[in-house]
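*Asks:* could you work out the structure for the sequence below:
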Amino acid sequence: GQPPANGQAPPDGQAPDARAVCRFGMQCRDMSTVHRAKFSHPSAPPVAPAAGNEQPPAYAPSPAAVVDPAAEAERRRAQEELDRQQAETLRAAQELETRRQAEEAERQRCSLGPGHWEYNPSGKVKIGRWIPVPLPEFTHAADTAFRSEFLTTDVPWETGPATMHKQYLTVKVQNRVFPLRRVDAGGGVVQPPGEHPWYRKRVEGDARDWLTPNFFLRAVQKAIREYGEAHNEGDTAGMSMRDVEELFELESGRDFRGEKEQILRRGGVLYRTPTRWKRFAISVAGKYDGGDNTWMRMNGGEGEWAVAYHGTAFGTVPKIIKSGFKSGTGQGAKECFDTRTGRKVGSGVFCTPNLTVAECYANGREDRGSEQKSMAVTIENRTLYFALQCRVRPEAIRRPHRHYAFCSDEEVMGIDGAFEWVINNPDNIRPYGVLVMEKDPHSHRTLGSLINGMQWQLDHKPVPYPDYWNELVPGRRAPMAEIQHSWDWVMREFQNKRLDME
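*Replies:* Numbering: from 1, shown residues only. A predicted model of the protein is given here:
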């Protein structure tokens, strides 16, 4: 017989191995079935025949040639685990690439083109400055949300997840709502293409409240039309709803109904919040002083103006907003003395810190000397009072002594006891809000019931000492000498009239 192919004699009774010998022997790590069927893997390399001796040496396997079945099984399991891990790595890489390609395709499909999103930190659309959303990944998230079928979608924000509302084009961040807009690479607004839906939502207002911005605009338009027709003023009678809307900052209104009354200071002067009224803001930002809005401050700083009210027929409001105040013909306080300075008041524009007084003039036909003869307007079966909330230069306020109201100094009589102020120069009084309230016939007091006889002085007494209100509402105020002058004045009047000051 022929020697075995691997150069070693097989054990007795075993068929010779016809496979070629693998050059790696037992060190070979190729565990594939094909390789193992083709090559044998002895524990030692084949032994060459001795020179001149044609017979191979007897088969004498070394101890290492005896394979441990358990070790072989462990090696096979290790190889299989390695193969499995390599296959998993390859499959994961393929899935990642597939997902990346799908995301890129979705990004291209959802993208609104080159550009970015901006938001308005003021929460308003027509007021404040639009700034880019600082997160780069927000653009893709917002583009995707805008094209999705859902109204609300979570989007990333600096402070954490936020919610984008597709219908109103807003983002809600920690209970604050900011309007959004999409601009292209050139800075042009591409979304929304027209009027911002958040602005329209705010104009429509809360459906549970009858006094919505839309109702207010209808009331204004009706009042303007009727006033214009009555006075042959076609420039106001023909104003469209859009023209009327441009007079106001409807996003900046405030509802004081139901709020707790507060007494504060503005420009160093006492001011009471207009409880029971709803305010619609007039577009005044940047209108005066070369765009300087210091007069509208609310922190008591230098340049801040005081707050006053002016009751009037609502048809005149657009004229006042457009052209400012003017001194009327009824100047009952012209020859009266200012209780702070002792000088004559002179003519000017009347206003008051007291909304009870402003309500009388808003009702109309209560002051025979006033040019305001129009009655309170009725809109959709609701009779409404209108008053202008104004800012006045503090130094320009004149506090007249009248025969029915001895002193209109709010520091001496309190706001309830101050009847009227006069502002000589109309440039020193600026309206910034329209107050609206539904007439309540049970709570309204006519002007006559307030001042006839000595009723006003019977109802209102001076404070016990000049510094009284400064202790209650501290802050910047007028010089103490002026307030002392008013307090001395009213004390003499009460003593002369022998009125009880308790």
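
*Asks:* run through the helices of the stretch 151-300 of the chain in chain order.
*Replies:* Secondary structure of the stretch 151-300 of the chain (DSSP state H, counting those that start in this stretch): helices located at 197-204, 213-230, 234-237, 241-245.

*Asks:* arrange the ones you listed in TSV, one row each, with distance to residue 148, mean neighbour count and mean pLDDT as further columns.
*Replies:* (Each C-beta comes from the backbone N, C-alpha and C, glycine too.) As requested, those are exported to TSV (distance: least, C-beta to C-beta, whole Å; neighbours: other C-beta atoms under 10 Å; pLDDT from 0 to 100):
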stretch	distance to residue 148	mean neighbour count	mean pLDDT
helix 197-204	17	17	84
helix 213-230	30	19	77
helix 234-237	47	14	50
helix 241-245	32	15	75
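
*Asks:* residue 113: neighbouring residues, count only.
*Replies:* Counted with other C-beta atoms under 10 Å, the neighbours of residue 113 add up to 9.

*Asks:* which SS class is it?
*Replies:* Three-state call for residue 113 (DSSP: H, G, I helix; E, B strand; the rest coil): coil.

*Asks:* can you report how many residues neighbour residue 362?
*Replies:* Going by other C-beta under 10 Å, the residues that sit close to residue 362 add up to 29.

*Asks:* quick revisit: identify whichever of the helices of the stretch 151-300 of the chain lies nearest to residue 433.
*Replies:* helix 213-230 (11.8 Å; C-beta to C-beta).

*Asks:* nearest to residue 418, out of the helices of the stretch 151-300 of the chain?
*Replies:* Here helix 213-230 is closest among the helices of the stretch 151-300 of the chain (C-beta to C-beta), at 28.5 Å.

*Asks:* ok now the closest one, how far from the chain's centre?
*Replies:* How far helix 213-230 lies from its chain's middle: 29 Å, per C-alpha atoms, centre = their mean, to the nearest Å.

*Asks:* residue 166 is in contact with residue 145, correct?
*Replies:* Yes - counting by C-beta atoms under 8 Å, residue 145 touches residue 166, with 6.2 Å between them.

*Asks:* quick one: common contacting residues for those two?
*Replies:* Common neighbours of residue 145 and residue 166, using C-beta atoms under 8 Å, 6 or more residues apart in numbering, are residue 153.

*Asks:* in terms of neighbours, single out the busier of those two.
*Replies:* With neighbours defined as other C-beta under 10 Å, residue 145 and residue 166 compare such that residue 145 has more, 21 against 18.

*Asks:* from residue 402, how far off is the nearest residue to residue 397 once chain neighbours are set aside?
*Replies:* Distance criterion C-beta to C-beta, 6 or more residues apart in numbering; nearest residue to residue 397, sequence neighbours excluded, is residue 421 at 5.0 Å. Distance from residue 421 to residue 402, counting by C-beta to C-beta, to the nearest Å: 12 Å.

*Asks:* likewise residue 20?
*Replies:* For residue 20, the distance to residue 402 - C-beta to C-beta - is 128 Å.

*Asks:* residue 456: which element?
*Replies:* Assigned by DSSP states H and E, residue 456 belongs to helix 455-459.

*Asks:* which strands or helices does that helix pack on?
*Replies:* helix 447-451 (3 or more C-beta pairs under 8 Å, 6 or more residues apart in numbering; DSSP states H and E).

*Asks:* mind doing that once more with 10 Å?
*Replies:* The helices and strands touching helix 455-459, judged by 3 or more C-beta pairs under 10 Å, 6 or more residues apart in numbering; DSSP states H and E, are helix 410-417, helix 447-451, helix 480-496.

*Asks:* pLDDT (mean, whole number) over the lengthiest helix in the chain?
*Replies:* Scanning the chain for the longest helix, with DSSP state H as the assignment, gives helix 69-110. Mean pLDDT, helix 69-110: 80.

*Asks:* how far away from the center of its chain is that helix?
*Replies:* 49 Å.

*Asks:* what's the answer for stretch 181-189, then?
*Replies:* That offset, for stretch 181-189, works out to 21 Å (C-alpha atoms, centre = their mean).

*Asks:* kindly export that stretch (C-alpha atoms) in PDB.
*Replies:* C-alpha atoms of stretch 181-189 as PDB (Å, rounded to 0.1, in the frame of the first residue of the first chain):
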ATOM      1  CA  ARG A 181     -42.000  83.200  11.400                       C
ATOM      2  CA  ARG A 182     -39.900  81.600   8.700                       C
ATOM      3  CA  VAL A 183     -37.500  83.800   6.700                       C
ATOM      4  CA  ASP A 184     -35.500  82.900   3.700                       C
ATOM      5  CA  ALA A 185     -31.800  83.400   3.100                       C
ATOM      6  CA  GLY A 186     -32.400  87.000   2.000                       C
ATOM      7  CA  GLY A 187     -34.400  87.900   5.100                       C
ATOM      8  CA  GLY A 188     -37.800  87.800   3.400                       C
ATOM      9  CA  VAL A 189     -40.700  86.300   5.400                       C
END
